[in-house]
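Asker: How does the following fold in three dimensions:
(4 chains)
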Amino acid sequence: MSAPASSPPPDVMMAVAMSRQVRDGDWVSHGASVPLAGAALLIALEVHVSDVDVWIQGCVSPTDRSLVDALIAPERLYPTTAAHMSQTEIINFSLRGSSTFQFLRPLQIDAHGNVNVSVVEREGRPPLRFHGVAVGDAINAVRRTCLYVTEHTPRVFAQTLAFRTGAGHDDGSDWRPGLGLHDAGPASVITPLCVLGFDQQRRLEVRSLHPGATLEQVREQTGFELGVSPKLHETPPPSEEELEALERVDPERIRLLEFRETRDAVLDKLAGLG
Amino acid sequence: MSAPASSPPPDVMMAVAMSRQVRDGDWVSHGASVPLAGAALLIALEVHVSDVDVWIQGCVSPTDRSLVDALIAPERLYPTTAAHMSQTEIINFSLRGSSTFQFLRPLQIDAHGNVNVSVVEREGRPPLRFHGVAVGDAINAVRRTCLYVTEHTPRVFAQTLAFRTGAGHDDGSDWRPGLGLHDAGPASVITPLCVLGFDQQRRLEVRSLHPGATLEQVREQTGFELGVSPKLHETPPPSEEELEALERVDPERIRLLEFRETRDAVLDKLAGLG
Amino acid sequence: MIASRTPDRTMSLADAAGLVADGARIGFGGSWGLARRPMAFVRELIRQGRSGLHVHGILSGIDADMLIGAGAAASTVTSYVGLDELGQAPNFQRAAASGAIEVREYSEWLITAGFRATNMALPYLPWITSRRNDLARELGLQEVRCPYTGTPLLAVRAIELDVAVIQAVRCDSAGNAALSVPLDFMYDVDALLARSAKTVIVCAEEIGAVDPNMVQLIAREVDAVVHAPGGAWPGSMNTCYPVDRAHIRDTYLPAARAEGGFSVYLDEHVQQGERSR
Amino acid sequence: MIASRTPDRTMSLADAAGLVADGARIGFGGSWGLARRPMAFVRELIRQGRSGLHVHGILSGIDADMLIGAGAAASTVTSYVGLDELGQAPNFQRAAASGAIEVREYSEWLITAGFRATNMALPYLPWITSRRNDLARELGLQEVRCPYTGTPLLAVRAIELDVAVIQAVRCDSAGNAALSVPLDFMYDVDALLARSAKTVIVCAEEIGAVDPNMVQLIAREVDAVVHAPGGAWPGSMNTCYPVDRAHIRDTYLPAARAEGGFSVYLDEHVQQGERSR
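Answerer: Numbers count the residues shown, from 1 in each chain, chains lettered A, B, ... in the order given. Okay, here's the model as predicted:
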């Protein structure tokens, strides 16, 4: 596997790899304050799919595709939406198994795609408490969730979660039938290094390595034994079309809010926008 | 007890007696196709109470007080309403104990105010099946229900109901606590002959006799032993104000739809209205 | 850049009725027995000779009565079958008394509870009313206890439908539907009923853009959109047109009341197809 | 003829805040951490020295963070306390880590389930998601079985409030309230939260007539109407005004992050009363 001379930056590679997870026919429920996922979704709509419905900020499939509007000025989406769908109804809709795709960003992921979004342990100090919002529900109800993390480290891909906010594939068994749940759960995980999927035992395995990343590097940065798909390949680099779409939907690179190093610079930018 | 020379007609006496059951502060949920109850409610609003809210045909407290509009042209109420309140919300509102008063018209009533709205037994033929709609629920949830019937016969006031559509005071015990229900249930019954209430044992008793009616007559027409309130009196005849209000809200006498003998004449009238 | 394809879900009345199988559990929207009932669709089902239907409604009316009169119904599952102030539904009354159809009588609150359960993907919903009555007994409703308070509650079983049919004021070709403009008293439970069905058919007075604040069913939830102006006749449609009382009183009711008389009504008013109104 | 008295439920911010007792279970409406949160009301609670509040929200934000920073909160019961894209809520983070407040973390779906139960006067609601996770375990949620299918389900306990406070776009003096015009993504769960409370307070940008199709809380459900223009500041209000990002980033966040620094913020921006904005 040869890395190209210049690998695409992680935000670009991730947004593009994530965009390819959306399929024609999907209903995508979209969260707030996740502009990297937003960029991925908008690339998908611009390039990959033609009949996807999106629920975002209470709006169904607004024609406004500006990422910055979706992030900080949802009221600009209102006049471009086909319909408003209330929180109760989108929850019911998802419970009925009609929401087919969602991006979720956990703090930790274990080998079976169970996730922690709630607790960060700190050495010698009490743990920090964060919020799962709807993660513990969506990961049970939405047909395919795409997990993503902007850091690929053994702390993120952990043998044992500090807290299980949401059950993905539990212990690898087919645990949903009989509990009133539809067939659902995490289908893929995108990181700055690779695309992961689940094997027959519902355990994480590497599907493709982003240009410049190596299997050794991925395994080193993962806190549990990681399988490798028999079809392991290089993640196709961003196409011209994908790159153009990304530039179109996110010219301000608001997506960089989701990366630790660039977060403050984006906030500076946002203060001058909207 | 002396009967006046000319007793008021039963529709007038009933509408007026029923109107007096509404109290200031009430939230009245009002059914469809019950113009006698509608007339009573409108008299109450015109004469007896000043801060009552009404839910009727999905409208909250419309200022249109025409009985014929409420009956056959609800769309005329829409522009005069303060708010639309959906069916789900009015049900929830009532479940929470916030609906304080409602008129209900059963086919049969037993000694403890349990009601049948579903089955009419016929000699030598299979029973007829009618519908309780929300009676079995409202009688459990609405704080005070006023039952009314336009015929006072032993078949209506029955020892045993053909079918119990709704539990009023069950066997007379205080059966609601512990079942998640609020204090609620039938508070009075209005007939063409009298006003009935419930005694300490939650058994029906005669409270007042309409002008012209006698206790013997009432007892004869009731299929079970009927107590008499120590405060038995004559139902005060309709006042000038009440009569004027009735004429104002129901000049077409649509209320007569609820009486067997005049039903067809009202239908003829309705065919020419709306 | 790909422009989103807006799906076109419009189809003919005949094609939409073709989505309903014999023996289907079918629910009809509407506000009382003569308001917003999808009668054009009901007549098309009769013309296509559908049979064995399990007719559901939160409230039902002339839709159920006509299907029963045409021999298309096997059962009713609803809290009301009647013609409002115009009286009882004769075909229903006769069939219910003779046992020609099975009558599964709910109360209005219990049947919405059954649809609420399905809307939340629950197999049952606990409920506090319709206690100690024959209705709950007849329906075979079980009791459950709250695990925290010990309170005994009624368990209302989820009600699922194969097809739901709603007559809407306006709908776009994708399926975004305004069921009632302005809002009438049953608009939201019609959505509950629709969301309990595998297939949702909207018959609309008008096809065209819908105010996003007034959309009560989202396009994605709708499978077929039928242009059916006047489709609620002889009932009323919101602020569009009133009940045709003369027709119901002088034509429908006498035909439905006469033993064997209803086939003449069907020949004259159903079998010959929809007239433009 | 008696003209109906239309009740006037308007009162001053101070009088309305006086309806909240120390130790009350209080819920705040709003869409995410910085949108439609009733901040004028929160500041008045702080000025009145309220303490021991159990702060509820479906999602919470700067409302909870400010009350915690002022020492007015004993616990949070919500699925989120944060400042959206501007980051974590510093006062909450510190108090949660130190144990100064009790954190009762729900998921968004579970907390709406708890409010749905209260809305239907049920002591619990069965639920299918949040299974096999630590959230349900931590909340002590029991399992129940469907009496018909045997399906094991989560039982979400009903959540009751003493007071709910909602910032609305418009409200009439009787209390008919349009929470959000046009509809934003949390308007209906704000109504769920309000309907779970014994006392409901609406703070409105404008007092005046409300389109009956846009009324989300009925006058009868509202106990107090407060004219609070700009009352969501420094958060946003629907289409009325955006988040004051400069204030939050340059003033609020540094003050809240500094150990002991928040009292200066409170002195400058809360204790001196509401400014006209």
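Asker: alpha carbons only for contacts and neighbour counts from here, please
Answerer: OK.
Asker: got the contact list for the residue in chain A positioned nearest to chain D?
Answerer: Relative to chain D, the nearest point of chain A is A:Gly58 (3.8 Å; Cα to the nearest Cα). Applying Cα atoms under 8 Å, 6 or more residues apart in numbering or on different chains to A:Gly58 gives the contacts A:His84, A:Met85, A:Ser86, A:Gln87, D:Leu183, D:Asp184, D:Phe185, D:Met186.
Asker: swap in A:Leu256?
Answerer: By Cα under 8 Å, 6+ apart, the residues touching A:Leu256 are A:Asp11, A:Pro35, A:Leu36, A:Thr262, A:Arg263, A:Val266.
Asker: Equivalent analysis for A:Val54, please.
Answerer: By Cα under 8 Å, 6+ apart, the contact set of A:Val54 is A:Trp27, A:Val28, A:Ser29, A:His30, A:Val60, A:Ser61, A:Pro62.
Asker: Tell me which entries of these lie within strands.
Answerer: Among those, the members found in strands (DSSP state E) are A:Trp27, A:Val28, A:Ser29, A:His30, A:Val60.
Asker: out of these, who's near chain D?
Answerer: Among these, no residue lies close to chain D (Cα under 8 Å from any Cα of the partner chain).
Asker: which one of those residues sits closest to C:Glu102?
Answerer: The closest of the ones in strands among the contacts of A:Val54 to C:Glu102 turns out to be A:Trp27 (Cα to Cα; 39.1 Å).
Asker: Based on its surroundings, how many neighbours for A:Glu261?
Answerer: 10 (other Cα atoms under 10 Å in any protein chain shown).
Asker: and it, backbone torsions?
Answerer: Backbone torsions of A:Glu261, given as degrees, to the nearest 10, read phi -70, psi -30.
Asker: Stretch A:132-145 close to chain C?
Answerer: No - on the criterion Cα under 8 Å from any Cα, stretch A:132-145 is out of touch with chain C, staying 10.3 Å away.
Asker: Determine how far the last residue of that stretch lies from the first.
Answerer: In terms of Cα to Cα, to the nearest Å, the two terminal residues of stretch A:132-145 are separated by 15 Å.
Asker: How far off centre is that stretch?
Answerer: How far stretch A:132-145 lies from its chain's middle: 12 Å, per Cα atoms, centre = their mean, to the nearest Å.
Asker: Just list the residues touching the closest residue to A:Gly31 other than its chain neighbours, thanks.
Answerer: Once flanking residues are discounted, A:Gly31 sits nearest to A:Ile56: 6.8 Å by Cα to Cα, 6 or more residues apart in numbering or on different chains. For A:Ile56, the contact set (Cα under 8 Å, 6+ apart) comprises A:Ser29, A:His30, A:Gly31, A:Ala32, A:Ala70.
Asker: quick one: the second one from A:Phe101, how far?
Answerer: So the one you mean is A:His30. 9 Å.
Asker: Need the nearest residue in space to residue 132, chain neighbours excluded.
Answerer: Because you didn't say which chain, this covers chain A. With Cα to Cα, 6+ apart as the criterion, A:Gly132 has its nearest non-adjacent residue at 5.1 Å, and that residue is A:Val117.
Asker: hmm, I had chain C in mind actually
Answerer: Nearest non-adjacent residue to C:Arg132, counting by Cα to Cα, 6+ apart: B:Ala167, 5.8 Å away.
Asker: so what's the closest residue to C:Thr78 other than its chain neighbours up against?
Answerer: Excluding its sequence neighbours, the residue lying closest to C:Thr78 (Cα to Cα, 6+ apart) is C:Gly57, at 4.9 Å. Residues in contact with C:Gly57 (Cα under 8 Å, 6+ apart) are C:Gly27, C:Phe28, C:Gly29, C:Val77, C:Thr78, C:Ser79, C:Leu193.
Asker: Tell me which of these fall in strands.
Answerer: Residues from the contacts of C:Gly57 lying in strands, with DSSP E as the criterion: C:Gly27, C:Phe28, C:Val77, C:Thr78.
Asker: Tell me the one of the residues you listed nearest chain B?
Answerer: C:Thr78 (8.7 Å).
Asker: who does the closest one bridge with?
Answerer: Beta-bridge partners for C:Thr78, by DSSP bridges, are C:Glu105.
Asker: okay, now it: neighbour count?
Answerer: Number of residues near C:Thr78 (other Cα under 10 Å) recorded here: 26.
Asker: Next: A:Gly178.
Answerer: Counted with other Cα under 10 Å, A:Gly178 comes out at 12.
Asker: Same check on A:Gly124?
Answerer: Neighbourhood size, A:Gly124 [other Cα under 10 Å]: 6.
Asker: re earlier: just the buried residues out of the contacts of A:Val54, in PyMOL syntax.
Answerer: To isolate the buried ones among those in PyMOL, judged by 16 or more other Cα atoms under 10 Å in any protein chain shown, type:
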select buried, chain A and resi 27+28+29+30+60+61+62
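Asker: Tell me the one among the contacts of A:Val54 nearest to A:Gln21.
Answerer: Proximity of those to A:Gln21 (Cα to Cα) peaks at A:Val28, which lies at 11.0 Å.
Asker: what's the spacing between the closest one and A:Ile109?
Answerer: 22 Å.
Asker: Need the phi and psi values for A:Val206.
Answerer: Reported as degrees, to the nearest 10, the phi and psi values for A:Val206 are phi -80, psi 130.
Asker: got the residues of the stretch 151-274 of chain A near chain D?
Answerer: Residues of the stretch 151-274 of chain A found near chain D (Cα under 8 Å from any Cα) are A:163-167, A:170, A:178-181, A:257, A:267, A:271, A:274.
Asker: Among those, find the lowest-pLDDT one for me.
Answerer: The lowest pLDDT within these belongs to A:Gly274, with 49.
Asker: ok, and the closest non-adjacent residue to residue 220?
Answerer: Using chain A here. Nearest one to A:Glu220, counting by Cα to Cα, 6+ apart, is A:Pro154 at 7.6 Å.
Asker: that's the wrong chain, I meant chain C
Answerer: Spatial nearest neighbour of C:Arg220, excluding adjacent residues (Cα to Cα, 6+ apart): C:Gly175 at 7.2 Å.
Asker: Chain A versus that neighbour, what's the distance?
Answerer: Per Cα to the nearest Cα, to the nearest Å, C:Gly175 is found 10 Å from chain A.
Asker: Model confidence for that residue, exactly?
Answerer: With respect to pLDDT, C:Gly175 scores 97.
Asker: what about it, neighbour count?
Answerer: For C:Gly175, the neighbour count with other Cα under 10 Å is 31.
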